[in-house]
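**Student:** No letters, just coordinates:
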Ligand SMILES: Nc1ncnc2c1ncn2[C@@H]1O[C@H](COP(=O)(O)OP(=O)(O)OP(=O)(O)O)[C@@H](O)[C@H]1O
Ligand SMILES: Nc1ccn([C@@H]2O[C@H](COP(=O)(O)O)[C@@H](O)[C@H]2O)c(=O)n1
């Protein structure tokens, strides 16, 4: 018996933090689908591709050599045999990643890759996959589907580390949401998706809420 848990939501709602913790608690794989877009952006940047050239970006994404390692204790993204995990969350990548994500041809290539990863996890215990369109487009069949939300200012504050430029942080959260929302819906829960407003919740409270949904699902399947 395997389980797929899909978690979506806008930037800074806690998807990565929560998904990783839930996967670790339940012994599942952890899949950060945003990392597939981020590594694609890094690859295009390194190859000198103009991100406004949709055909060139799509061609570059369809030939890139990426491996996603899904251990929640140590998730790693490998690009051409190099561990690039630490290079994916810079301001530079955060400010350009939506250019790749709003390229529909590149999106189709990365979506197929994500579906393959999720399907492969069915051979084992399962996976927690998080992103923007996992509950609605990539894995609408997931046994547990959750949309995390939080007030805009709370999300910006969560991202604002010491010394970070406030204008850049705001753009990397709210500006990115605006661009992403032109191609995918992640502010409103689709039918059957459980919405959790994390504004006033601790990380542990959100993790517990998702774990309870998963345990209820597993108990229901076991009793059938
Ligand atoms: N419920 C919460 N309460 C307080 N801080 C939180 C909560 N959830 C997440 N955080 C913090 O907010 C920051 C952003 O969390 P995280 O990276 O998991 O968000 P995300 O939804 O994956 O964002 P993005 O889509 O931009 O990658 C982290 O510093 C995390 O520790
Ligand atoms: N399912 C997804 C996941 C991500 N994106 C795009 O990638 C960007 C980075 O995502 P993070 O979760 O790492 O912040 C995000 O801003 C989207 O542009 C997506 O389109 N679909």
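**Tutor:** Thanks, I have the structure now. Bear in mind the structure is a predicted one, so any value in this text is a computation, not a measurement. Numbering: from 1, shown residues only. Ligands and ions are numbered 1, 2, ... in the order given.
**Student:** Tell me which residue in the protein sits closest to ligand 1.
**Tutor:** residue 14 (2.7 Å; Cβ to the nearest ligand atom). No exception for glycine: its C-beta is placed from N, CA and C like everyone else's.
**Student:** immediately after the least confident helix or strand in the chain by mean pLDDT, which helix or strand?
**Tutor:** When each helix and strand of the chain is scored by mean pLDDT, DSSP states H and E, helix 166-170 comes last, with a mean of 91. Per DSSP states H and E, the first helix or strand lying C-terminal to helix 166-170 is helix 176-180.
**Student:** in that next one, what's buried?
**Tutor:** Residues 176-177, 180 are the ones in helix 176-180 that count as buried (16 or more other Cβ atoms under 10 Å).
**Student:** and the longest helix anywhere in the chain, average pLDDT?
**Tutor:** As far as residue count goes, and with DSSP state H defining each element, the longest helix of the chain is helix 203-223. Over the span of helix 203-223, the pLDDT mean works out to 96.
**Student:** Check which helices and strands that helix sits against.
**Tutor:** Identification of packing neighbours for helix 203-223 by 3 or more Cβ pairs under 8 Å, 6 or more residues apart in numbering; DSSP states H and E yields strand 3-8, helix 15-26, strand 144-149, strand 194-197.
**Student:** Can you add distance to ligand 2 and give these back as CSV?
**Tutor:** Formatted as CSV, those follow (distance: least, Cβ to the nearest ligand atom, whole Å):
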stretch, distance to ligand 2
strand 3-8, 7
helix 15-26, 6
strand 144-149, 11
strand 194-197, 17
